[in-house]
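[1] With the sequence up front, the predicted model follows.
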Amino acid sequence: MARYCFHAYSGIFFAQDFEIQDLPNLEAARGAARHVADHFQAFLPQHLRHEGLTIEIVEEAGQGYASVCFPGSERR
């Protein structure tokens, strides 16, 4: 299993995730990115929730990388 971490950023903020998750592959990590995006959105101040959010998926060994973009809170 590969080990992935997730970082979130928009034009206003950057949050580095230090928790490593064991996932079978990059596709599973993309699915987990939705949970990470929801978590970050839940803790943002109301005035920042309209911002788009990009989740960087980084494989711990440096073998894989992807970005998943989520629009602001209007996506819900």
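    Nice, I can see it. Note that the structure is a prediction, hence the values are computed from the model and not measured.
[2] Please count neighbours and contacts with C-alpha atoms only from this point.
    Will do.
[3] which residues in this structure form strands?
    For the chain, strands defined by DSSP state E occupy the ranges 2-9, 14-16, 21-23, 53-59, 65-70.
[4] any chance of the ones you listed in TSV, with distance to residue 41, mean neighbour count and mean pLDDT too?
    Below are the strands of the chain laid out as TSV (distance: least, C-alpha to C-alpha, whole Å; neighbours: other C-alpha atoms under 10 Å; pLDDT from 0 to 100):
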stretch	distance to residue 41	mean neighbour count	mean pLDDT
strand 2-9	10	21	88
strand 14-16	12	12	80
strand 21-23	20	15	93
strand 53-59	8	22	87
strand 65-70	10	15	79
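[5] okay if I get the ones you listed as a markdown table plus distance to residue 37?
    Formatted as a markdown table, the strands of the chain follow (distance: least, C-alpha to C-alpha, whole Å):
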| stretch | distance to residue 37 |
| --- | --- |
| strand 2-9 | 8 |
| strand 14-16 | 11 |
| strand 21-23 | 15 |
| strand 53-59 | 7 |
| strand 65-70 | 8 |
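[6] quick one: contacts for the closest residue to residue 14 other than its chain neighbours?
    Distance criterion C-alpha to C-alpha, 6 or more residues apart in numbering; nearest residue to residue 14, sequence neighbours excluded, is residue 8 at 5.8 Å. Applying C-alpha atoms under 8 Å, 6 or more residues apart in numbering to residue 8 gives the contacts 14, 15, 16, 17, 37, 40, 53, 54, 55, 56.
[7] Enumerate the beta-bridge partners assigned to residue 8.
    Listed by DSSP bridges, the beta-bridge partners for residue 8 are residue 15, residue 55.
[8] Tell me how far it lies from residue 35.
    Counting by C-alpha to C-alpha, to the nearest Å, the separation of residue 8 from residue 35 is 12 Å.
[9] cool, residue 28 as well?
    When C-alpha to C-alpha is the yardstick, residue 28 and residue 35 sit 11 Å from each other.
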